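Enquirer: Have a look at this fold, sequence not included:
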């Protein structure tokens, strides 16, 4: 009779996956925090009228900051869950619910992040057409770039949570 191969991951591989997931969450957190700070301080004063323009005056940048805040809050929650899991070895949400929360949460948040980044890039390009580069569009572009990097880290984390679904314990 052929020998059955054990398909459950070893403890060291599971621990390393948890650590990598925590690292991805921390990196996403850092990039979203910097993107949030950059877009929040964006201001420009018109030389002719003296009128000041802020991110909140532009719908696309308001959408961008909304996606950053939603991603930031979700990532903060997931970081707390990941730290608990790495330290204790147990999941905060046990059973299928925890795996499904990670899976769908990462997918949805990554889509939010990429859409916010795209909105920021699109408007920055439109504002820059035929106009010289300025600190307003440069900071907004930098924030959109950091948001894009945050998306990439969340998408990679999403891949790890996707692989965890078939490995969930069958109770």
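Expert: Looks like it came in fine. The structure displayed is predicted, hence computed values, not measured ones.
Enquirer: Give me the contacts around the lowest-mean-pLDDT helix or strand in the chain.
Expert: Ranked by mean pLDDT, DSSP states H and E, the weakest helix or strand in the chain is strand 43-45, scoring a mean of 78. Outside of strand 43-45, the residues within contact range by Cβ atoms under 8 Å, 6 or more residues apart in numbering are 51-54, 134-136. For glycine as for every other residue, the C-beta is placed from the backbone atoms N, C-alpha and C.
Enquirer: so after the lengthiest helix in the chain, what's the next helix or strand?
Expert: Identified as the longest helix of the chain according to DSSP state H is helix 96-128. Going down the chain from helix 96-128, the next helix or strand is helix 135-164, by DSSP states H and E.
Enquirer: in that following helix, what's buried?
Expert: 136-137, 139-158, 161, 164 (16 or more other Cβ atoms under 10 Å).
Enquirer: which stretches of the protein have low pLDDT?
Expert: Along the chain, segments meeting pLDDT under 70 span 1-13, 166-171.
Enquirer: The same query, at a cut-off of 80, please.
Expert: 1-15, 43-51, 53, 55, 89, 94-96, 128, 130-133, 164-171 (pLDDT under 80).
Enquirer: Which parts of stretch 94-111 count as buried, going by neighbours?
Expert: Going by neighbour count (16+ other Cβ under 10 Å), the buried part of stretch 94-111 is 98-99, 101-103, 105-106, 109-110.
Enquirer: and which of those residues is nearest residue 33?
Expert: residue 109 (15.2 Å; Cβ to Cβ).
Enquirer: For that closest one, which residues are in contact?
Expert: 70-71, 74-75, 154.
Enquirer: Give me the contact list for stretch 75-87.
Expert: Counting by Cβ under 8 Å, 6+ apart, 15, 18-19, 21-22, 25-26, 28-29, 32, 90-93, 102, 105-106, 109, 154, 157 sit against stretch 75-87.
Enquirer: Buried ones among those residues?
Expert: 18, 21-22, 25, 28-29, 32, 91, 102, 105-106, 109, 154, 157.
Enquirer: Which members of these are the farthest-apart pair?
Expert: 32 and 91 (23.8 Å).
Enquirer: do you know how far residue 50 is from residue 132?
Expert: Per Cβ to Cβ, to the nearest Å, residue 50 is found 19 Å from residue 132.
Enquirer: Residue 71 now?
Expert: From residue 71 over to residue 132 (counting by Cβ to Cβ), the distance is 32 Å.
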